[in-house]
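A.B. asks: take this sequence and fold it.
(chains A and B)
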Amino acid sequence: MQKKYIKWMLFLVALFVLLIISIVISLSSGEVKITLAQLPEIFSNKDSIEFTVLTKIRIPRLFLAISVGGALSLSGAILQGIYRNPLVEPYTLGISGGAALGVAIAIVFGFQAASFAVLPLFGFAGAIITLFLVYFLSLKKGALSINSMLLIGVMVSFVASSAMMFLMSISTPDNLQSIVFWVMGSLDESNNLLVRTAFYSSIAGLFLSYFFAQTLNALRLGEIKAKHLGINTKVTVKLLFVVASLLTGIAVSVAGVIGFVGLVIPHLIRLIIGNDYRILIGSSFLGGAIFLILSDTVARTIISPNELPIGVITGFVGGLVFIVVLSRSKSNFKLN
Amino acid sequence: MNQFFQINDFSCGYPGKFVLEDINFEIKKGDFVGIIGPNGSGKTTLFKGISGELNALSGSSKLKGEFIQNMSLKERAQNLAVVTQNIEVGSMTVEEYVLMGRIPYRKQFQFFETKKDFQIAEKYLDLTGITGLKDKYMNALSGGEQQLAGIARALTQEPELLLLDEPTSHLDITHQVQILNLIRRLSQQLGLTVLMIIHDLNLAGEYCDSLIMLENGRIHKKGLAKEVLNYADIEAVYDTVVITRTNPVSGKPVVFLVSEETFKKEN
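C.D. replies: This next block holds a predicted model:
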């Protein structure tokens, strides 16, 4: 019936097809080449190198790319909706910076030797603490001012990165290297439990976000008008903020700081399909997943056997695509 | 007796800065009431108090006998629609924008608009005469068209009471008259009760059934347009020299301004 809904369906189908294509590309490329036709043979012979490469390296990595890409992109889309500002993403709000600081602290003070979970936990804690800091600092006379939240986020981000620079300058070369490696981001995570946790929680975040699709749509008119439409903006904005921060926290804690996904992907999706959050939430997640799968594939094959930090690829490719699309698009480009 | 809309000893505002006090008035169903008063007299604050954007400091407001303060946000949005002065322009189509008016009626897990939602939106797009614009983007519309879309969106909420904050500011006379004619028609045909902030005293006198004149956070005078719009009250509240006459065609009050130069010559 409604043309709009049919368009949405087609768009989702197209994204799913793209996702499957990128999954196939990602699984087959690398040092060990694997084709689709080989799959039955590989899975029947569990001792082959190919089987090990697939199940121990490429598949976990794929799941991580889906969860991290999806979570970052979705979190960006939600934050842009809350702030009604197209430049907002986990990076600009200081959440990523806080996570990086948390990890730097863990490395410099040597906590990471204790358990595989220490770095992710510190990253997560850093993200969440930053969130609350930003949140409470921007509480003015009991009311949450969205603009001051943005400014404070940017400032907290600066403070966090200065603190991290300080830690880096006093740390040993070894520690310095692990901090730098972490800050540049990587999908190389050998612990299966972490991969699984990240995957399930990002999917949970996706479902949770859908409860807020209408609220985010109403917020496109501004907070006051959303309230006139019967939306309890005070509560829902807080909840949305928490959801976005959890999504970011999860992504950052397993993969380090991977910038740009939360900014670029929701924008491209908005350009193609519009700003209605009912379609934007799901397609941002899928788009982010596809983008990160492909970026990761490039990152680990382009200078093989060495690996590029994935942040280099996302920044480079994402940024270039963004510039090209924006300078070409004739339609008036606005968030709301 | 319970009037359709009733506001008793109402007070709201920003304590320590500006507070609206002692507000008492009532409106019958289908009435078209204008709120006038100089800048800073509390017109918009009153609207914020009624719509629940500001909490009442004391007193109450009742719609159909029910306290507005006790309504849930959703119920409130089903009974009370607000058209603000600046319509939010974004890159959404007029139809999408008008459909937002159905949000208060959406069920907890309802994801898509129902057929009824589309029908209602269509009805009010038609009534406001902007059906032809429905696929256009809001930010591609003129000021008058945006105002019409804002009204269509508010009507799609199917409210009992419509609050309009200066719907005719920044518009040329064609659009001013078009919009006020429309509101007048709506209030008569649909029995819609309208409360409108308006600066232009002549438009207020021509279109509104009755007027409420605010001064420094209090009601200076309320009543029929011809009772409120007399030179003594206008001069007292606006501190401006005016002359009032009656429109020979409509019989409604008209306000003429007198420049300083003329005033000095005459005296």
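
A.B. asks: let's verify the nearest residue to B:Pro159 once chain neighbours are set aside: helix, strand, or coil?
C.D. replies: Spatial nearest neighbour of B:Pro159, excluding adjacent residues (CB to CB, 6 or more residues apart in numbering or on different chains): B:Ala81 at 3.8 Å. Every C-beta, even on glycine, is put in place using the N, C-alpha and C of the backbone. Following DSSP: H, G, I helix; E, B strand; the rest coil, B:Ala81 is assigned to strand.

A.B. asks: so B:Ala81 sits against B:Gly101, correct?
C.D. replies: Yes - counting by CB atoms under 8 Å, B:Ala81 does reach B:Gly101; the two are 7.3 Å apart.

A.B. asks: what's the overlap in contacts for these two?
C.D. replies: Common neighbours of B:Ala81 and B:Gly101 are listed as B:153-155, B:157 (criterion: CB atoms under 8 Å, 6 or more residues apart in numbering or on different chains).

A.B. asks: near chain A too, which of those?
C.D. replies: Residues of the shared contacts of B:Ala81 and B:Gly101 in contact with chain A (CB under 8 Å from any CB of the partner chain): B:Gln157.

A.B. asks: shaky segments in the stretch 101-250 of chain A?
C.D. replies: Scanning the stretch 101-250 of chain A for pLDDT under 70 picks out the ranges A:139-146.

A.B. asks: contact partners for the closest residue to chain B within it?
C.D. replies: Using CB to the nearest CB, the single residue of the stretch 101-250 of chain A nearest to chain B is A:Gly230, 3.2 Å away. Contacts for A:Gly230 (CB under 8 Å, 6+ apart) come out as B:72-78, B:103-104.

A.B. asks: and with 10 Å instead?
C.D. replies: A:218, B:71-78, B:80, B:103-106, B:157 (CB atoms under 10 Å, 6 or more residues apart in numbering or on different chains).

A.B. asks: same thing with A:Asp276?
C.D. replies: A:Asp276 is in contact with A:4, A:8, A:213, A:216-217, A:220, A:270, B:92, B:96, counting by CB under 10 Å, 6+ apart.

A.B. asks: for B:Glu26, helix, strand, or coil?
C.D. replies: The local conformation at B:Glu26, judged by three-state DSSP, is strand.

A.B. asks: the closest residue to it other than its chain neighbours and B:Leu63: what is the separation?
C.D. replies: Ranked by CB to CB, 6+ apart and with sequence neighbours excluded, the top spatial neighbour of B:Glu26 is B:Gln3, at 3.9 Å. Per CB to CB, to the nearest Å, B:Gln3 is found 10 Å from B:Leu63.

A.B. asks: one more: A:Tyr200?
C.D. replies: For A:Tyr200, the distance to B:Leu63 - CB to CB - is 47 Å.

A.B. asks: so those two - more neighbours on which side?
C.D. replies: Using other CB atoms under 10 Å in any protein chain shown, the more surrounded residue of A:Tyr200 and B:Leu63 is B:Leu63, with 23 against 13.

A.B. asks: quickly find the element holding the residue in the stretch 1-150 of chain A that chain B sits nearest to.
C.D. replies: Across the stretch 1-150 of chain A, the shortest distance to chain B (CB to the nearest CB) belongs to A:Tyr5, at 6.7 Å. Under the criterion of DSSP states H and E, A:Tyr5 resides in helix A:3-28.

A.B. asks: same thing with B:Phe256?
C.D. replies: strand B:253-257.

A.B. asks: okay, now the sheet partners of that strand, with direction.
C.D. replies: strand B:242-246 (antiparallel) (DSSP bridges).

A.B. asks: where along the stretch 101-250 of chain A do the strands fall?
C.D. replies: Applying DSSP state E, counting those that start in this stretch to the stretch 101-250 of chain A gives strands spanning A:139-140, A:143-144.

A.B. asks: show me what contacts the residue most central in space within chain A?
C.D. replies: With distances taken as CA atoms, centre = their mean, A:Leu72 lies nearest the centre of chain A, 1.6 Å away. With contact set as CB under 10 Å, 6+ apart, A:Leu72 has these partners: A:89-91, A:96, A:202, A:247-248, A:250-252, A:255, A:258-263, A:265-266, A:284-285, A:288-289, A:291-292, A:314.

A.B. asks: can you name the residue of the stretch 151-267 of chain B nearest chain A?
C.D. replies: Minimum separation of the stretch 151-267 of chain B from chain A (CB to the nearest CB) falls at B:Gln157, amounting to 7.5 Å.

A.B. asks: just read off the phi/psi values of that residue.
C.D. replies: Torsion angles at B:Gln157 (phi, psi; degrees, to the nearest 10) stand at phi -70, psi -10.

A.B. asks: adding pLDDT, write the shared contacts of B:Ala81 and B:Gly101 out as CSV.
C.D. replies: Listed next are those as CSV, based on pLDDT from 0 to 100:
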residue, pLDDT
B:Arg153, 93
B:Ala154, 93
B:Leu155, 93
B:Gln157, 93
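
A.B. asks: among the shared contacts of B:Ala81 and B:Gly101, which lie within helices?
C.D. replies: B:153-155 (DSSP state H).

A.B. asks: for the residues you listed, which one is nearest A:Val103?
C.D. replies: Using CB to CB, B:Arg153 comes nearest to A:Val103 of these, at 47.4 Å.

A.B. asks: on that earlier part again, which of the ones in helices among the shared contacts of B:Ala81 and B:Gly101 has the most neighbours?
C.D. replies: B:Arg153 (26 neighbours).

A.B. asks: which residues does it contact?
C.D. replies: So B:Arg153 contacts A:221, A:225, A:229, B:81, B:83, B:87, B:94, B:97-102, B:121, B:124-125, B:128 (CB under 10 Å, 6+ apart).

A.B. asks: B:Phe263 now?
C.D. replies: Neighbour list for B:Phe263: B:Val241 [criterion: CB under 10 Å, 6+ apart].

A.B. asks: my read is B:Ile23 is in a strand, agree?
C.D. replies: Yes - the assignment for B:Ile23, made by three-state DSSP, places it in a strand.
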